[in-house]
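1. structure for this input, please:
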Amino acid sequence: MVYHAPERTGDDAMKLTRPWMIAGLMLIAPGAHAQLLGGSGPVGQVVPDVLNRVDGLVEGSGLERLSPARLADRLVAARATRVGDLLRRHGDLVELDDRREPARRGVILLTGADAASLDALKAAGFGVKNEAVDGLDLTIVRLQVPQGRSLARALKDVRRIAPRAQASADNLYFPGGSANGAAAGILAGGGTVGRGAAGLIDGGVAHHPALTGPVEQRGFARGAPRASAHGTAVASLISGTGSVRGAAPGAPLLVADVYGDDPAGGGAFAIVRALGWMAARGVPVVTVSLVGPDNPLLAGAVRLARDKGVTVVAAVGNDGPAAPPAYPASYANVVAVNGIDGRGRLLPEAGRAAHVDFAAPGADLNAARSDGGKGAVRGTSFAAPLVAGRLLVRGSLNALLAEAEAPKGKARGFGKGIICATCRNND
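-> Model (predicted):
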């Protein structure tokens, strides 16, 4: 049985897409995600594998012909499948936090706690470990939740014991689009890039003929860096040359793999550490084509990175315009990017952010495949690197505005205009 919610508009549509509702649907209807997904894949391919199959529920199905309510239903089902399948297959590593958002099981991230609070937390049975984030001058305390206690309950306990500290789950972030290709390949690069490279926080990047510039990669998850289809496609749209031409051809890349082969990869803590590495290495622009919930630690890290001269460019995701705001795109100091198709229309599945700065091609375009070829991609994931690449070339947001094209008519959702409208690699 595939769940189809009744048609709703306005506030009801917003409630329908709340994460607790999404996860709840899967918990009360376990047969639904089994029918939608089929068997499970190898552990190291969990996040991209789930995402590729979930996006199959949406892509190529005449989205433009669906009513807004029917589209919202389909996107709700896809999100429910994604979260529910992850919980079903890897409940030993992933659980829901107090907002019903997926997070790494048994881990709480704490900042601003004094010594007395940490002693009290130890006395209450929490494991306490200090973690310094290089490049951001940030110290985080990672708490291990006592055995047998849920993450949701533990967060309430921590906030009661340490009310002046800021506690959050290690929330998970998903790629904002699917890319075809081999699950893994030979890693690109292996050398070192200098200051001024383009930053990419995603999966690892495979060797590809179009990636002729230097590529340096580092892992921030178990088994990373590990080549991925999504990371390879995004990288090619930043700096590809030849068969896949990016927005900044030949630009050196500094790649942080936050997934590796970890089923709980893509966590807030990994992304924060990756941002610190980017800041320390003098990266001016970082693409983050990942989407998830608001997270206090991630929000603070984005601000600190901005203070270090790093501009984060992020995709608004593909959960539909009725979905809750997507992060990190919704943070005030992040460049939020929407996606358009080959006719200049906003993608109907494009997500929602608190603001939109630019739009760029997110459909009817090709990107590098991790098996060495190129193929079609779809999603706001692939719009963000085009904006990031042009920002790297231009050097400032004010300069980037000079090349932004106005959308047709008095359309909303394009921000300050369309960037790289002809960057499609369709030849």
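2. report the longest strand in this structure, please.
-> Identified as the longest strand of the chain according to DSSP state E is strand 102-111.
3. can you name every helix or strand that the following helix or strand past that one contacts?
-> Next along the chain after strand 102-111, taking DSSP states H and E as the criterion, comes helix 115-123. Contacting helix 115-123 under the criterion 3 or more C-beta pairs under 8 Å, 6 or more residues apart in numbering; DSSP states H and E are the following elements: strand 127-133, helix 151-161. Yep, even glycine has a C-beta here, placed from its N, CA and C like the rest.
4. each with direction, which strands does the longest strand of the chain pair with?
-> Strand 102-111 has the following sheet partners, assigned by DSSP bridges: strand 94-96 (antiparallel), strand 138-144 (antiparallel), strand 166-171 (antiparallel).
5. the second one vs helix 115-123, what angle?
-> Put simply, strand 138-144 runs at 20 degrees to helix 115-123, going by axes from the mean of the first three to the mean of the last three C-alpha atoms, to 10 degrees.
6. which outside residues touch strand 138-144?
-> 106-111, 113, 118, 121, 126-133, 154, 158, 167, 269, 272, 276, 297, 300-301, 304 (C-beta atoms under 8 Å, 6 or more residues apart in numbering).
7. ok, 6 Å please
-> With contacts defined as C-beta atoms under 6 Å, 6 or more residues apart in numbering, strand 138-144 is touched by 108-111, 113, 126-127, 129-132.
8. now do that strand against helix 151-161, angle only.
-> For strand 138-144 against helix 151-161, the angle by the same axes, to 10 degrees is 120 degrees.
9. again with the last one
-> Between the axis of strand 166-171 and that of helix 151-161 there is an angle of 160 degrees, by the same axes, to 10 degrees.
10. what comes up buried for strand 166-171?
-> Neighbour counts over strand 166-171 (16 or more other C-beta atoms under 10 Å) mark 167-171 as buried.
11. how about the longest one?
-> With burial defined by 16+ other C-beta under 10 Å, the residues of strand 138-144 counted as buried are 138, 140-143.
12. now stretch 344-356
-> Neighbour counts using 16+ other C-beta under 10 Å place 344-353, 356 of stretch 344-356 among the buried residues.
13. same check, this time on stretch 222-242
-> Of the residues in stretch 222-242, 222-241 count as buried by neighbour count, 16+ other C-beta under 10 Å.
14. can you give the contact residues for stretch 330-343?
-> Here stretch 330-343 has contacts from 299, 302, 306, 312-316, 328-329, 346-347, 350, 353-364, 380, 383-384, 387, 413, using C-beta under 6 Å, 6+ apart.
15. of those residues, buried ones?
-> For the contacts of stretch 330-343, buried by 16+ other C-beta under 10 Å: 299, 302, 306, 312-316, 328-329, 346-347, 350, 353, 356-363, 380, 383-384, 387, 413.
16. out of those, list just those in helices.
-> Among the buried ones among the contacts of stretch 330-343, the members falling in helices (DSSP state H) are 299, 302, 306, 384, 387.
17. hmm, back to that, out of the helices and strands packed on helix 115-123, nearest to residue 203?
-> Nearest of the helices and strands packed on helix 115-123 to residue 203, taken as C-beta to C-beta: strand 127-133 at 21.0 Å.
18. other SSEs contacting that closest one?
-> Contact partners of strand 127-133 among helices and strands, from 3 or more C-beta pairs under 6 Å, 6 or more residues apart in numbering; DSSP states H and E: strand 138-144, helix 268-280.
19. strands paired with it, and their directions?
-> Counting by DSSP bridges, the strands paired with strand 127-133 are strand 138-144 (antiparallel).
20. now do the partner strand, average pLDDT.
-> Averaging pLDDT along strand 138-144 yields 97.
21. residue 188 contacts residue 204, doesn't it?
-> No: using C-beta atoms under 6 Å, residue 188 is not in contact with residue 204, being 8.2 Å away.
22. more crowded one of these two?
-> Higher neighbour count among residue 188 and residue 204: residue 204, with 31 against 25, using other C-beta atoms under 10 Å.
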